[in-house]
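Student: Have a look at this prediction, sequence included:
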Amino acid sequence: MSEARRKAAPARRRQKRHWAVRILGWLAALMFLGIIGAVATFFIVYQTTKIPDPNKEFATNTTTVTFADQRNSLGSFFDQNRHSVPLAQIPKSVQDSVIAAEDRTFWTNPGISPQGMVRAAVNIARGEQLQGGSTITQQYVKVMYLTQERTVGRKLKELFIATKLGRQQDKSKTLEGYLNTVYFGEGAYGISAAGDAYFTQPDPRKLSIQQSALLATVLNNPSLFDVTDPDPRTKKRIIERYHYVLNGMQQMGTITAAQEQQYGRALPPLKMKKKSSRYAGPNGFLLDMARKELGKLGFDEDAITGGGLKVTTTFNYQQQKKILIAAKNELPEKRGGLHVGMAAVQPGTGQLLAMYGGPDFLKSQLNWATTKARPGSSFKPFALAAALEDGKSIYDIFQGDSPITIQGQKFGNELSTDYGDVTLLKATEESINTAFYDLVDNKMDNGPEKVTAAAEAAGIPASKTLEDDKANPSTVLGPDAYASPVDMANAYATFAAGGKYTPLHVIKEVRGPDGKVLWSDAKILKQQQKQAFPPEIANMVNYVLQKVVTDGTGTGAKDLDRPVAGKTGTAGGVAVEDRAENQKCGGCKDGSATLTSWWSAYTPQLSTSVLYRAGASGESDLDPYSDDPAFFGGNWPLKTWLAFMKAALDGVPQADFVAPDDDQVKDTTTPTYTPPPSTPTNTPTNTPPPNTPPPNTPPPSTPPPNTPTNTPTKTKPTKPTNTPGWPSLPTGGPTSQPTKTPQKPGGGQ
């Protein structure tokens, strides 16, 4: 290379650096202009933003709720109860409790939270909803407008008003306005209404420190911290938040460390005001369920109670009337202390069409249709599905004699009946406990875990109880509180829909005051529906559960006169009245009571689950309500189910289940099934239950004393035909957890 060319090289590098500097300079200039523009825009918007008059702006619009037909009204959520009081009448302890809960820098911050703004920016960038973390001033601004738009424009407007309010208005005035407008739940706006709603004490000056702390706990999210919800998870959240508030008050010097410890030992007792009459009657449970689901969908209490929403539920007006008639009329003659929970779900949609949770929501908020209970043998279909996925055949042989030893424990059949070796098909028909123990615990690796996985896939909500029981040999008999009638109806609907699971829901559509659709359940079908089981597995489960109706413990359902698949279930244990004595006698009453009794069954168009319980907590003995040896699911639960299903499907064309392949149902084995001894105690009358039995007449299907099962005379089953397509059916809580049952559960039918 020549000397001249060597000298030219550095000149080119200098030229490249020159261009790089020029580009950086342009970028810096543009950034500077952008900053100037943003600052100028901020000050222009800031100067033109007006602080509204809260007394004029604080107004609510009624949220209306209708049945699925959008014509018949279910109710409304206009609950506003507000009474303003001056800050001078609100003690410092009450003020501090709210500040400790919501905005501990209230007295020093500029009205906005920089950290909250950053979180909002991150949420915007991710395409997520704008959410909390706002200061008291920001919350106050939002409450004044009561606009529920989750948009960048609304959030920016909130920030500008909050900033201006923080600079121009005395903090005490802002706090006074906030304490008189913030929503505390139970229809109460402001501290005076809240004290009245929760403690029947409208004067804030008479609220104790513990009561103030609890109210401050609730206002953060009245749905999440619902003090009327007995669910242990909700109570745990409330206690944790309550302690957070007390700790903040202690740091602020409002209370001492000793007082914090003293007040934190227990929540203050409630003295709730009577609920609005709009919740009266059995439909109050529907309205309450709709309200809770709106909260889960992201609509806060301000929107629900005052956002002017138009809410359409999935509840079918006609089907709801029919389920109420069945739940009230098709019952045993003895009814005192007896509870019925019913739920009907449309397969393939996840829509809850009808529900009966109790006679009057105002008298008791315990919803027997959503309260989890022991499913007993109605859990066996999930074991059947798990076994089929595990490669088992319905003609595989299992031990039907009683007892069977599993993990060193002995388990038996109902009334210790022996059946000999039986097929899985026969075990399901007759609900033979020992055969299912043999299947799940002896013939399947990790059997109990596979059963719980199948149950959750079908739609039984995941829970700590199910998680804890994944290694429990009794899991297949549903000995603990795994599911509610709503859960069971939707899980069985998964089988009815060919193995396709759709999340259960009660909100069909939500529109804003302007008519714009804010949410629709079409989103669920598009994003959350999934194939939980292969169609061939679901078809086989449907085939076997139809045999329960034609040949097994559910023969009364044949009276529906159309293809039905279903399963009985009872769960035994110790009645709550006998538990103290049982503990003293070392378990002498284990399994002596029937605590739950189920009939869950479905056609291709409708899945309905019926549960019977007794006593205030649902933990009393059901047996005194029946003439059977036990309160079997094939008796009164089935009769109540039948009364509803006959009416619900009246006029709906018959539909057949998709039949399994011939090879799958061909019996190539020779089982050594041994029927129960042919004595009079094992020969119940094979008469389907009438639609409305006389009050004083024992049910025709009731076996004589000492009959181990409600087993009818065998009849040849009718194989379902393969007729595709289902005529569509017209579409229109609190949780009380029982104590754990012994590992040797009674019942099982």
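Tutor: Sure, I can see it.

Student: OK, contacts around residue 487?
Tutor: 372, 459-461, 504 (C-beta atoms under 8 Å, 6 or more residues apart in numbering). In this view, the C-beta of every residue, glycine as well, is placed from N, C-alpha and C.

Student: repeat for residue 234
Tutor: Contacts of residue 234 by C-beta under 8 Å, 6+ apart are 224-226.

Student: Now a PyMOL select for only the buried ones of those residues.
Tutor: Burial among the contacts of residue 234 is assessed by 16 or more other C-beta atoms under 10 Å; the matching PyMOL selection reads:
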select buried, resi 225+226
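
Student: Adding distance to residue 562 and secondary structure, write the contacts of residue 234 out as JSON lines.
Tutor: Shown next, in JSON lines, are those (distance: C-beta to C-beta, whole Å; DSSP: H, G, I helix; E, B strand; the rest coil):
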{"residue": "224", "distance to residue 562": "44", "secondary structure": "coil"}
{"residue": "225", "distance to residue 562": "47", "secondary structure": "coil"}
{"residue": "226", "distance to residue 562": "41", "secondary structure": "coil"}
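
Student: What is the burial count for the closest residue to residue 103 other than its chain neighbours?
Tutor: If you skip the residues right next to it in sequence, residue 103 has residue 136 as its closest partner in space, 4.2 Å away by C-beta to C-beta, 6 or more residues apart in numbering. Neighbouring residues of residue 136 were enumerated by other C-beta atoms under 10 Å; the total is 27.

Student: Could I get the pLDDT score of residue 136?
Tutor: On pLDDT, residue 136 comes in at 85.

Student: Where does confidence bottom out across the contacts of residue 234?
Tutor: Looking at the contacts of residue 234 by pLDDT, the weakest one is residue 224, with 88.

Student: From residue 308, how far off is it?
Tutor: Going from residue 224 to residue 308 by C-beta to C-beta, to the nearest Å gives 23 Å.

Student: Count the neighbours of residue 515 for me.
Tutor: 7.

Student: where does it land in three-state SS?
Tutor: For residue 515, the assignment made with DSSP: H, G, I helix; E, B strand; the rest coil gives coil.

Student: Excluding covalently adjacent residues, which one is nearest to it?
Tutor: Nearest non-adjacent residue to residue 515 (C-beta to C-beta, 6+ apart): residue 310, at 7.6 Å.

Student: Tell me if I'm right that that neighbour and residue 514 touch.
Tutor: No - here residue 310 does not reach residue 514: they are 10.0 Å apart, not a contact under C-beta atoms under 8 Å.

Student: Please say which of the two ends up with more neighbours.
Tutor: Between residue 310 and residue 514, counted using other C-beta under 10 Å, the more crowded position is residue 310 (18 against 7).

Student: Could you check the pLDDT of the more buried one?
Tutor: 94.

Student: Repeat that for residue 718.
Tutor: So residue 718 comes in at 32 (pLDDT).

Student: Strands of the stretch 151-300 of the chain, start to end?
Tutor: 188-189 (DSSP state E, counting those that start in this stretch).

Student: Show me the shaky parts of it.
Tutor: 151-160, 162-168, 275-276 (pLDDT under 70).

Student: Now for the residue lying closest to residue 390 once chain neighbours are set aside: which residues touch it?
Tutor: Nearest non-adjacent residue to residue 390, counting by C-beta to C-beta, 6+ apart: residue 444, 5.4 Å away. Residues near residue 444 by C-beta under 8 Å, 6+ apart: 386-387, 390, 392, 450.

Student: Quick check: residue 279 touching residue 361?
Tutor: Yes - the criterion here is C-beta under 8 Å, and residue 279 meets it with residue 361 at 4.7 Å.

Student: Of the two, which one has the most company?
Tutor: residue 361 (23 against 19).

Student: how many other residues sit next to the closest residue to that one other than its chain neighbours?
Tutor: The spatially closest residue to residue 361, leaving aside those adjacent along the chain, is residue 284, at 2.8 Å (C-beta to C-beta, 6+ apart). Burial of residue 284 is recorded as 25 neighbouring residues (other C-beta under 10 Å).
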